[in-house]
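Asker: need a structure here:
(one chain, ligands or ions: 1)
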Amino acid sequence: MEKVSKVVLAYSGGLDTSIIIHWLRQNYDCQVVAFAADVGQFELAGRDVHTVSDLKRKAVAAGASKVYVQDLKIEFVRDYVFPTLQANAIYEGKYLLSAALSRPLIAKKLVEIAKREKADAVAHGCTGKGNDQVRFELTFKALNPELKILAPLREWEMVSRQEEIEYAKRYKIPVSTGKEKPYSIDRNLWGVCVECGPLEDPWKEPPEDAYQITTPAEKAPSKPVYLDIYFRQGIPTRIDGKSLSPVELIKKLNRIGGAYGIGRVDLVENRVVGIKSREIYEAPAATILYLAHRELESLILDRDTFHYKELIAPRYAELVYCGLWESQLKKTIDAFVYATQKKVTGTVRVKLYKGNLWVAGRKSPYSLYEKSLATYGAEDKFDRTSAQGFIDLLGLPLEVKALMDKKE
Ligand code: ARG
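Answerer: Residues are numbered from 1 along each chain as shown. Predicted coordinates:
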């Protein structure tokens, strides 16, 4: 085993990371500093969620020499969520990247704390077949290649939850008892990810209890609701004329969207490590904001820029999904996307009804929509006589080719 004197661990308060604290001390004979990030997971749905003091107590009881809990919600939204929203990045056409966005931020904080604490290693509680280990470790490598990286779940012998519970009992590590849900759930402000248990059969419809923050469409209100969402330079700042902080705005849309059954996704996805897995997602606010943002861009961006953005959006999503947040390419695309957002200012009206979401209207002082050119009415300014010459030249290569083919 490598020699480690002090390690900073990404701590969640759950069974795995509680045991990890003890296990690291035993196996590496090192100090363990626990770090927990608040990215909005504490307030969602309320069930089974740790409070900050709870978390600190548990980490110390498990053997941590120090515990950090940092509220990262503002930074998460400003530096991770909004740039990805502005890029319209969606993985495999469906996943709005909630868990994938929190990992590079948590990893960055671990590296910062490791420096402050003069620690020589960082650790996480990810499994050896998931995406999150990749995201954490690629970010560690990008930000401080000298840090040692420990991933106990890839190292230790325990393979079942039962063995872990026995370990906790043996060493008197406090872990939440009570009936364990069959799901593995990751949550933050931007969405909820749920996998395992009955979801592992891709043919089986997800049971209702798998969903944490959305009402099924059948049970949503029987009347639609309209929301006016105002963006300033590609960033949502108001709902129905009322200014809200980024975090409050997202929470509000999660609440309303969730009640209307918006933002449920059921996806069989390709993981970085080569396997396919089935996961369900709930992201009411993200779903509403993605639609609204893109609608506004369709009004404001010129055709080429709009199309070029569409072209690189899936690539951006892939970089985020695969843990390459700190890569040169991702940062370069960020610069391009940022430049496109200068005039993405205006309002989009959306309509929510029983799990459906539509755009109802859009307006902007920077709109490139020109009624006098688009209209079929009497005030039409479009010069239809130029259309023929335009088509003649555009069709010239087709015509030449067709004539050649005929000769042959
Ligand atoms: N599949 C998602 C991703 O790779 C979520 C991973 C964590 N999911 C979970 N249920 N624990 O980003």
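
Asker: which parts of this protein sit against the ligand?
Answerer: By Cβ under 6 Å from any ligand atom, the residues of the chain that approach the ligand are 99-100, 131-132, 184-186, 193-195, 279. All C-beta atoms are positioned from the backbone trio N, CA, C, and that covers glycine.

Asker: Throw these into CSV and include distance to Ala36 and pLDDT, thanks.
Answerer: Shown next, in CSV, are the residues of the chain next to the ligand (distance: Cβ to Cβ, whole Å; pLDDT from 0 to 100):
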residue, distance to Ala36, pLDDT
Ala99, 16, 98
Ala100, 19, 98
Asn131, 20, 98
Asp132, 15, 98
Ser184, 18, 94
Ile185, 16, 95
Asp186, 14, 96
Cys193, 18, 98
Val194, 21, 98
Glu195, 22, 97
Glu279, 23, 98
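
Asker: Out of these, name the ones that lie in strands.
Answerer: Residues of the residues of the chain next to the ligand located in strands (DSSP state E): 184-186, 193-195, 279.

Asker: Just the buried ones from the residues of the chain next to the ligand, in ChimeraX syntax?
Answerer: Buried residues among the residues of the chain next to the ligand (16 or more other Cβ atoms under 10 Å), as a ChimeraX selection:
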select :99,100,131,132,185,186,193,194,195,279
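
Asker: quick check, nearest of the residues of the chain next to the ligand to Leu301?
Answerer: Closest to Leu301 out of the residues of the chain next to the ligand is Ala100 (25.6 Å), distances taken as Cβ to Cβ.

Asker: quick one, what contacts that closest one?
Answerer: 91, 131, 135, 320-321, 323 (Cβ atoms under 8 Å, 6 or more residues apart in numbering).

Asker: CA atoms only for stretch 171-182 - export them in PDB, please.
Answerer: In PDB, the C-alpha atoms belonging to stretch 171-182 read as follows (Å, rounded to 0.1, in the frame of the first residue of the first chain):
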ATOM      1  CA  TYR A 171     -16.500  -0.800  14.700                       C
ATOM      2  CA  LYS A 172     -19.500   1.200  16.100                       C
ATOM      3  CA  ILE A 173     -19.800   3.500  13.200                       C
ATOM      4  CA  PRO A 174     -23.100   5.400  13.200                       C
ATOM      5  CA  VAL A 175     -25.000   4.800  10.000                       C
ATOM      6  CA  SER A 176     -28.700   5.500   9.300                       C
ATOM      7  CA  THR A 177     -30.700   2.400  10.100                       C
ATOM      8  CA  GLY A 178     -34.300   2.000   8.900                       C
ATOM      9  CA  LYS A 179     -35.500   0.300   5.800                       C
ATOM     10  CA  GLU A 180     -33.200   0.900   2.900                       C
ATOM     11  CA  LYS A 181     -34.800   1.800  -0.400                       C
ATOM     12  CA  PRO A 182     -33.700  -0.400  -3.300                       C
END
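
Asker: Can you name the residues that contact the residue most central in space within the chain?
Answerer: By Cα atoms, centre = their mean, the chain has its centre lying nearest to Ser98, at 2.0 Å. Residues near Ser98 by Cβ under 8 Å, 6+ apart: 186-188, 190-193, 281, 283, 286.

Asker: Show me which positions of the host helix or strand of Val400 end up buried.
Answerer: Assigned by DSSP states H and E, Val400 belongs to helix 396-407. By 16+ other Cβ under 10 Å, helix 396-407 has no buried positions at all.

Asker: need the strands for the stretch 51-200 of the chain, in chain order.
Answerer: 66-71, 121-123, 148-150, 184-188, 191-195 (DSSP state E, counting those that start in this stretch).

Asker: Among the residues of the chain next to the ligand, pick out the one closest to Val33, please.
Answerer: Asp132 (20.0 Å).
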